[in-house]
Structures are given as C-alpha cells and as structure tokens.
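>>> quick check, what structure comes out for this input:
(one chain, ligands or ions: 1)
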Amino acid sequence: MGLEDTVRAFGLEAEPLYGRYGDIDTLLCGTAPALLRVVGSSASDEHQLIALLDANSKRARILAPDHSVRTIPLTMLRDALYLETEGAHGARIEALLARIPISSRDRARARAALLREQVRELPLDVGWALRLSPATPFLHQLRSAGVIRTLRAMTAAHAVSFALSVLGWWILGRGALSGHLDRGWLYAWALVLATLVPIRVLTAWWQGITSISAGLLLKQRMLLGALNSVPDSIRSEGTGQLLGQVIEVDAVEDLAMHGGFVSLIALVELAISLPVLALGPSGVSSVLAFLGWLAFAAFLIYRFARRWIGWSRARITMTEDMIERMAGHRTRVAQEDSAHWHDDEDRALAAYAEATHALDRVNTAITGLLPRGWMLLGFAVLAPAFIAGAASPEKLAVGIGGVLLARSALLRITTGLTSLVGAVAAWKHAEPLFHAATRFEPAASTRTPPKDTDSEAATLLDVRHLDFRYRADGAAVLRDVTFRIQRGERVLVEGPSGAGKSTFGSVVAGLRPHESGLVLFRGLDRKSLGADAWRHNIAVAPQFHENHLFSETLAFNLLMGRQWPPREEDLREAARICRELGLGPLLDRMPGGLMQRVGETGWQLSHGERSRVYLARALLQGAELVILDESFASLDPETQAQALECARKRAPSLMVIAHP
Ligand SMILES: Nc1ncnc2c1ncn2[C@@H]1O[C@H](COP(=O)(O)OP(=O)(O)OP(=O)(O)O)[C@@H](O)[C@H]1O
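Coordinates of the predicted model:
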C-alpha cells in the first residue's frame, strides 16, 4: 500500500509539497501538519519520515519515532532537508572554504549560507502536507481547524463583556438617579471599564481568527468542488452560471461570517436583556412588549428574505447574460446588425433595478423603523411607573437600561439576520460546488498494471461492449463498442463528424465515466488502477476546443502532466520535442524561450503552434498509450508530416482520431 493510500485509510489526504529551496521556511511554517522526507544522518541511511506537527519562524514541533512530541529549532529541520543537496554542492563549497583562514564555527556558518545560496532556485520535493479528506463533514473540518473552540471562547468572552457593560451601566445609572455617586462606586465603575478593554480586544482577535480559518476552509472546499465538478455539467451550465456561483461563494463567506457573528452576539444580548427588562418597574409588560416587537421584526425579515431571493436571481441572470454577451461580442460585431446588439440589456437592467428598489424598501423599514419604534414602545410601557413615581431609582435605572439593551439586541438581530438571509440565498447558488467537493475520487495509484509477459497482457487497451450517453434520457452516442490495442500498435480511429470519435477517446482516457461495458488497461479497469495511474498510462491531447493553454510559462504548459517543478532533464526533453515538432523557430523567437509566458495574458501562439504544444504536452507525459484527437488538423502538410513522425517515434502505442 502506498503512502497516499495509507493516509486515506485514516480519512486524511496527502498533498505533495513542492517548492523551491529558497522558500523552504515559508513552506515549513505554512504547511503543518505534514510528513517530511529527510536524508538520514549517516551516509548509508535511507530517507526517513518526520511528522511535522507545527512550526513557526523559530521552532518546529515534530513527532519522534518513539511517538513523543519534541520541539526543535526550525534551522535543524531546514538543515536536514538541505542535506539532500549536499552531495552535489557540498564538496565544491568545502574546496572553496578550505582556502580561507576562518574559524571552524564561521566556516560552518559560511558553508550553510553558501549552500543555501547555491540551491535557492532548485526545485524542492520535501514530502506531503496532510489534511482532512474533502469528503469529511464540514463541521468536523471546522472542529479540527479549532474554529468551534475559538467560537465558543468568543461567545463566552462576549457574554462576560456584555455583563460587565450592564454592571457598569447599573453603577452609573443607580448613582445618577439617586442623586449622588460616591468615590468607591466610581472606582468600581472605572475598574469595570478597564476590565472591558482586554476582553473586547480578545473577542475581536478571536473573531478575526475564526473568520479567516472558516473562510479558508470554505474557499478550499468550494475550489475542490469546482475541480470535482463533472466537466460536461460545467459546460452545460455555462461560464456565466459558474462565475455567478463563484461570486455567490464570496457572498456566502462574507454574509455568513458577518451575520453569524452578529447573530451570535445578539442572542447573548437577548438572553441578558430579557431578565433585565423583567427586573424593571413594568416587569412582564416590558418583556411582552419586546417579544411582540420581535415578532414584528421577524415578519419584516421574512419579507426581506423573499425580496432578497428575487434580487439575487435578477443579479445572477444579469451576470450570465453579460458574460454571454462579452464572450460572443466579436461574433456579434462581425455578423449581427448593430441595431440589435443591445436588445435584451435594457430589459435585464430594468428587472434588476425593480428588484433592488423592492429590496431597499423593506431594508429601510428594518433599519429605520425597528430600533426607533422599539424605543418609543419601550419607554411608553415604562412611562406609567415613572409618572406615578412608584418605582425606586434603582428599578427605574434597570428599566431604562433594559430598554436600551433590548434596542442594542434588536439592532444586532436585524443586522445579523439580514446578513444570514443573504447568505442563505447566495448559498442556494453556491451549494452545488460545496457538495461536489465530496464527490471524491481516489486519485492515487492503487495497483501497478502487470507487465506484458504473456500474450493476454500484451493487450494494452481492451474495450468491451461499451455504452455511453451524455444524458440518462438521451440517445446513446456509443453503443456496444468493442476495441483492442496491442502494445506498440498505432491505430487510426476515423469516422464522420458527430459519430462519437472524441467521445470514445475521452471515455478511454477516463475523462468521462461510461455507463456500461468494460474499459481495461492491461487487464485492469480505472477503478482498480486508480485515477492517477490511469492518467500516467494513458495520455490524451483532447480536441483543440477542449484543450487549454494556461497563462503560465511555456515550460509549465508543456510539462504540467510530466513533472512540475521540472528537473533539468525535463526541460531539455521539452525543448527537444518542441524542435522535433517544428516549434524550434518559435522557441528562438520568444525572448524567454521555454520560460516565456504564454496564454491569454502572454505571448499569443498561433492556432497551429498551440495544437503542437498540446501534442507535445501529451507526448511528454511518457504514457504507454497516447491518444491524439484531431491534433494534426490545423497544420500545413509539411508540418503535419513532421508532427506525425514525432508522435510515431515518441509514443509507445498510439491512437489517432481524425476525419477520413
Ligand atoms: N456534452 C455533450 N452533451 C450532449 N451531447 C454531446 C456532448 N458532446 C458531444 N455530444 C454529441 O455527441 C455526438 C458525438 O460527438 P463527438 O464529439 O464524440 O463526435 P466526433 O465523431 O468526434 O465528431 P467530430 O469529428 O465532428 O469532432 C455528437 O452528436 C455531439 O453532438
């Protein structure tokens, strides 16, 4: 069982830790818990694993082999990781330092500094960051990140701070209403105020930590959800929908965090203000009046929720429409009469403006009417006791305090709940991404495909009775397909447009799940082999419109499926393949060569150049079987022959999809 599988058995996920030696400290401080691979201290030692529990810029907490937790200087850990590079550079540095007359202590420091400088840009592959599997319930993730604990502490701190405010207010109010405030009470009041300061600072600090950690977890989860979404479902929803979902994720985070905190605090305030109101001169009447006002607030918030849902629908529709317009603008300019360019825009804008006004009206009632209305009602209920002069100053102070506290609770409840309503409405759009994160597919290799020792195993790809349809209720695009490729074979799959060639290629490559039949690679299906191992064995260059050039270096675009960060030999191999595919003049022309930034924001490659980058990317993966889908379609005959020759030479087995 590999490390990834062992880790998964514990409900965790191991993410390879890559970086550069120059960033080693940042990497160590930001990734715990992690498993680090270090070279043993003696020359004969193999790599050893260290569990890193925690690290800051000075110290690291690690789990020793005897399961005891030890704190060591971060430099010790860093040096252990640097040991790997010693062989290549250590001797040279030693030779250099031998000629300089310095103390052995300075020599050791100079050696470490020179080594660090030498390897700064080298790729670093130190181990794995460990985290809970994305399929873990979100509450569990929050608990494990310490969010629940902080939230509990924050609530308690807020309750204490609120109770202290009430106490301070009681001391002052009592003095003011009885006409004198002696020095002892003044000191007590000052002490209460002084105690409040650190508690408030602590509460704000915890609040910040909670929002950052919870927000990070939510973003991580949504990102995973986006990556786990079935590509066809993403495409059928459209870019606008997806962008809408992403925007809503942000809204969920902001509104839920803000609304959650404020509502939590409001509940604490509510729990304190009700008994304070009951202790006032009008007792039960004040409590009943406040509960009645709360019911009215609930009604207004309900109306607000309904209007918000309508408003957010109008906003998303407008975003979708706008994206569609932007994406298709060049086509419109080229082909549509300019009189029709803005046909639907005004209608979408008017619907949005109407929804915004409707929302604003309820919002005004909530923020303007609710707190002021309560003050009037609260004091009206107190008025008879005040006018009759029947209540003691303390009781009156408590009564007035109760009304003010209830107002503060009301303000917070309305702010908190309106934010939460927004979060719930936004959640409706973002929810699919959240759940997609749990659609978790084992990525690691679980089995190594058997070697081709007998004739049965020499069959590389074996497809039997394969059926596929895009929608459960749609027509089958592939029906009862049976197909075989032996190792070393080069196969051409051709057929009329729309016959299902690309669909077949993508099913074989594991990009689309098939509904029935078998697809076996050396006798194993994708589930038994594992998604990663499948991809390592079968590389595909999808059709041009299904492929993408990232706004990154050309090297990244070429080597992303092979090894990133790259080793020297990977870069050399990438350059070699590029030249074999006729991309040599392009490499020479680009100022950055392989490190030139390409894609939307970089050097704009031509159609034919792009398709050869896609081709090189698939060939560079070093897979047993390479599937090329219309990879030669946009090339002139001479370049086409050159590219085909390269593919024939490089791919151990080849499946080319093309038109007749
Ligand atoms: N996401 C999708 N949802 C529904 N139908 C689809 C989807 N993608 C492709 N199809 C349909 O499946 C059929 C096969 O498409 P496919 O792209 O595999 O054909 P092809 O043989 O590669 O065609 P071409 O040579 O034109 O590229 C077509 O009728 C196409 O319209």
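>>> only C-alpha atoms for contact and neighbour calcs from this point on.
Fine.
>>> check contacts around R648.
Applying C-alpha atoms under 8 Å, 6 or more residues apart in numbering to R648 gives the contacts R490, L654.
>>> likewise for Y614?
Taking C-alpha under 8 Å, 6+ apart, we find Y614 in contact with A541, N547, L558, S631.
>>> one more time with 10 Å, if that's ok
By C-alpha atoms under 10 Å, 6 or more residues apart in numbering, Y614 lies in contact with 540-544, 547-549, 557-558, 608, 620, 628, 631.
>>> for stretch 282-302, output the C-alpha coordinates as CSV.
Taking Å, rounded to 0.1, in the frame of the first residue of the first chain, the C-alpha atoms of stretch 282-302 are listed here in CSV:
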residue,chain,number,x,y,z
SER,A,282,-43.0,47.4,34.3
GLY,A,283,-41.7,43.9,34.5
VAL,A,284,-43.7,41.4,32.5
SER,A,285,-45.4,44.2,30.4
SER,A,286,-41.9,45.3,29.1
VAL,A,287,-41.0,41.7,28.3
LEU,A,288,-44.2,41.1,26.4
ALA,A,289,-43.9,44.4,24.5
PHE,A,290,-40.4,43.4,23.5
LEU,A,291,-41.4,39.9,22.4
GLY,A,292,-44.3,41.4,20.3
TRP,A,293,-41.8,43.8,18.7
LEU,A,294,-39.5,40.9,17.9
ALA,A,295,-42.4,39.1,16.2
PHE,A,296,-42.9,42.3,14.0
ALA,A,297,-39.2,42.3,13.3
ALA,A,298,-39.4,38.6,12.2
PHE,A,299,-42.2,39.5,9.8
LEU,A,300,-40.2,42.3,8.2
ILE,A,301,-37.1,40.0,7.9
TYR,A,302,-39.2,37.3,6.3
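>>> next one: that stretch to chain centre, how far?
42 Å (C-alpha atoms, centre = their mean, to the nearest Å).
>>> next, the buried residues of it.
Of the residues in stretch 282-302, 282-283, 285-287, 289-290, 293-294, 297-298, 300-302 count as buried by neighbour count, 16 or more other C-alpha atoms under 10 Å.
>>> which among the contacts of Y614 count as buried?
Buried members of those, scored by 16+ other C-alpha under 10 Å, are V540, A541, P542, Q543, F544, L549, N557, L558, G608, L620, L628, S631.
>>> columns pLDDT, secondary structure and distance to F138 on top of the buried residues of stretch 282-302, output as CSV?
Listed next are the buried residues of stretch 282-302 as CSV, based on pLDDT from 0 to 100; DSSP: H, G, I helix; E, B strand; the rest coil; distance: C-alpha to C-alpha, whole Å:
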residue, pLDDT, secondary structure, distance to F138
S282, 78, coil, 46
G283, 81, helix, 43
S285, 85, helix, 43
S286, 86, helix, 41
V287, 88, helix, 38
A289, 89, helix, 40
F290, 89, helix, 36
W293, 91, helix, 36
L294, 89, helix, 32
A297, 89, helix, 31
A298, 89, helix, 29
L300, 89, helix, 31
I301, 87, helix, 28
Y302, 89, helix, 27
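>>> and those near the ligand, which?
Applying C-alpha under 6 Å from any ligand atom, the subset of these adjacent to the ligand is empty.
>>> what is the nearest of those to the ligand?
Nearest to the ligand among the buried residues of stretch 282-302, counting by C-alpha to the nearest ligand atom, is Y302 at 40.1 Å.
>>> let me know the secondary structure of L130.
Recorded secondary structure, L130: strand (DSSP: H, G, I helix; E, B strand; the rest coil).
>>> can you list the low-confidence ranges for the stretch 301-450 of the chain?
Within the stretch 301-450 of the chain, the ranges that satisfy pLDDT under 70 run 391, 439-450.
>>> and L382, what is it in contact with?
Taking C-alpha under 10 Å, 6+ apart as the test, what L382 contacts is G280, P281, S282, G283, S285, S286, L396, G399, I400, V403.
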